[in-house]
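*Asks:* heads up, no residue letters with this:
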């Protein structure tokens, strides 16, 4: 004889209720799915835009550090950047060797895109100028150390009495121009050079030690400046970078 066990549980006694497969879950997050599609589309558009813009970029020369007027350029003075720029206003990186040995005609800040007007082959010092060196101590120069490229004004100082000279540049008052003037003798406090470019500075590592400063001096002012420089009776004051020196390196 066969014995059948009775059904138990909530389905007991109900006809047709046997084991059933679970219902498939319903997608209750349509907004998230739409957002994912939008992100995919935006990413594709962004990648395409980057690819489009990068097609107009090229490798150009950039100043690796500050380059001062008169500096003779070496390969280490340049670095390379990839930028989108007018080809006529920049220099291709492949042309680096063409600029080795040229001289800077102006101060070039670090990171500046190089162009051909910033450099000149051969001598850049004008024919009517001289480079004159003068030794100045801590009391005869600014507290912040002078650097090549600075524009300075030179005064006669010291207690050595008047300085015989036939010419001076703008001596007397700061408002005078730089026309050579017959003075006979210069007095302490007279202006020797109204605005002149610093070419080189040596021994400038310590503010308390004397430094030798080379200045670009107009030839017609040398007679008034050289005797004062020889006696170390020159004091230099730094002028604003916007001041144009009375004579400067030649530009194209």
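*Replies:* It's in. Here the structure is a predicted model, which means the values were calculated and not measured.
*Asks:* mind listing the strands in the stretch 1-150 of the chain by residue range?
*Replies:* 58-63, 78-83, 103-104, 119-120, 129-136 (DSSP state E, counting those that start in this stretch).
*Asks:* which residues in the stretch 1-150 of the chain form helices?
*Replies:* Using DSSP state H, counting those that start in this stretch, the helices of the stretch 1-150 of the chain run over 30-54.
*Asks:* so where's it shaky on pLDDT?
*Replies:* Applying pLDDT under 70 to the stretch 1-150 of the chain picks out residues 1-33, 35, 41, 44-56, 87, 122-123.
*Asks:* of the strands of the stretch 1-150 of the chain, which approaches residue 201 most closely?
*Replies:* Proximity to residue 201 (CB to CB) singles out strand 129-136 among the strands of the stretch 1-150 of the chain, at 9.8 Å. Backbone N, C-alpha and C define where each C-beta goes, glycine included.
*Asks:* which strands and helices sit next to the closest one?
*Replies:* strand 211-218, helix 222-230, strand 234-238 (3 or more CB pairs under 8 Å, 6 or more residues apart in numbering; DSSP states H and E).
*Asks:* returning to what we had before: just the strands of the stretch 1-150 of the chain: most buried one?
*Replies:* Most buried of those, by mean neighbour count (mean count of other CB atoms under 10 Å): strand 103-104, with a mean of 21.
*Asks:* so what does that strand touch, helix or strand wise?
*Replies:* Counting contacts by 3+ CB pairs under 8 Å, 6+ apart, strand 103-104 is packed against strand 119-120.
*Asks:* Name the strands paired with the longest strand along the chain and say parallel or antiparallel.
*Replies:* For the chain, the strand with the greatest residue count under DSSP state E is strand 191-202. Strand pairing for strand 191-202, using DSSP bridges, gives strand 151-156 (antiparallel), strand 211-218 (antiparallel).
*Asks:* could you redo the ones you listed as CSV and give each row mean pLDDT, distance to residue 40 and mean neighbour count?
*Replies:* Formatted as CSV, the strands paired with strand 191-202 follow (pLDDT from 0 to 100; distance: least, CB to CB, whole Å; neighbours: other CB atoms under 10 Å):
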stretch, mean pLDDT, distance to residue 40, mean neighbour count
strand 151-156, 94, 59, 22
strand 211-218, 92, 64, 21
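*Asks:* Could you dump the ones you listed into TSV and include distance to residue 129?
*Replies:* Output for the strands paired with strand 191-202, formatted as TSV (distance: least, CB to CB, whole Å):
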stretch	distance to residue 129
strand 151-156	14
strand 211-218	5
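*Asks:* Can you say which of these is nearest to residue 234?
*Replies:* Of the strands paired with strand 191-202, nearest to residue 234 by CB to CB is strand 151-156, at 5.3 Å.
*Asks:* That closest one to strand 234-238, inter-axis angle?
*Replies:* If you take axes from the mean of the first three to the mean of the last three CA atoms, to 10 degrees, strand 151-156 sits at 150 degrees to strand 234-238.
*Asks:* ok so, going back, could the strands of the stretch 1-150 of the chain be laid out in JSON lines, adding distance to residue 190?
*Replies:* Shown next, in JSON lines, are the strands of the stretch 1-150 of the chain (distance: least, CB to CB, whole Å):
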{"stretch": "strand 58-63", "distance to residue 190": "39"}
{"stretch": "strand 78-83", "distance to residue 190": "44"}
{"stretch": "strand 103-104", "distance to residue 190": "33"}
{"stretch": "strand 119-120", "distance to residue 190": "35"}
{"stretch": "strand 129-136", "distance to residue 190": "15"}
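*Asks:* All set now, cheers.
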